[in-house]
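*Asks:* 3D, please:
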Amino acid sequence: MTKRLLAQQGVRFIEVDIRTNPAAREYVVDDLGYSQAPVVVVSNEEHWSGFRPDKLDALASRPGIVR
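*Replies:* Model prediction:
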């Protein structure tokens, strides 16, 4: 759902599969502390897990985010 909404809104994103990327899994689980996917990382200070349409809508409204 997160990928679909980002794509519908024209938001650029890079998908990283933590099942096949051990470094990404370590970052998400150990460094950020998440145990639920998806995890959206906007910056070191801004990230969340789970489907959050409110945050995705706010992200899409930022200048330079939409293609």
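
*Asks:* where along this structure do the strands fall?
*Replies:* 39-41, 47-49 (DSSP state E).

*Asks:* check which helices and strands the first one sits against.
*Replies:* It stands for strand 39-41. Counting contacts by 3 or more Cβ pairs under 8 Å, 6 or more residues apart in numbering; DSSP states H and E, strand 39-41 packs against strand 47-49, helix 53-60. Where C-beta positions appear, they are placed from N, C-alpha and C, glycine not excepted.

*Asks:* show me the contacts for the residue most central in space within the chain.
*Replies:* Nearest to the geometric centre of the chain sits Val40, at 1.7 Å (Cα atoms, centre = their mean). Going by Cβ atoms under 8 Å, 6 or more residues apart in numbering, Val40 touches 2, 47-49, 52, 55-56, 59.

*Asks:* just for this protein, where's the confidence low?
*Replies:* Within the chain, no stretch has pLDDT under 70.

*Asks:* ok, which stretches of it are helices?
*Replies:* With DSSP state H, the ranges of helices along the chain come out as 2-9, 22-26, 53-60.

*Asks:* now these as JSON lines including mean neighbour count and distance to Leu32?
*Replies:* Shown next, in JSON lines, are the helices of the chain (neighbours: other Cβ atoms under 10 Å; distance: least, Cβ to Cβ, whole Å):
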{"stretch": "helix 2-9", "mean neighbour count": "14", "distance to Leu32": "16"}
{"stretch": "helix 22-26", "mean neighbour count": "12", "distance to Leu32": "10"}
{"stretch": "helix 53-60", "mean neighbour count": "14", "distance to Leu32": "15"}
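
*Asks:* of the ones you listed, which approaches Gln36 most closely?
*Replies:* helix 2-9 (11.7 Å; Cβ to Cβ).

*Asks:* what's the angle between the closest one and helix 53-60?
*Replies:* If you take axes from the mean of the first three to the mean of the last three Cα atoms, to 10 degrees, helix 2-9 sits at 40 degrees to helix 53-60.

*Asks:* elements contacting helix 2-9?
*Replies:* Short answer (3+ Cβ pairs under 8 Å, 6+ apart): helix 2-9 packs on helix 53-60.
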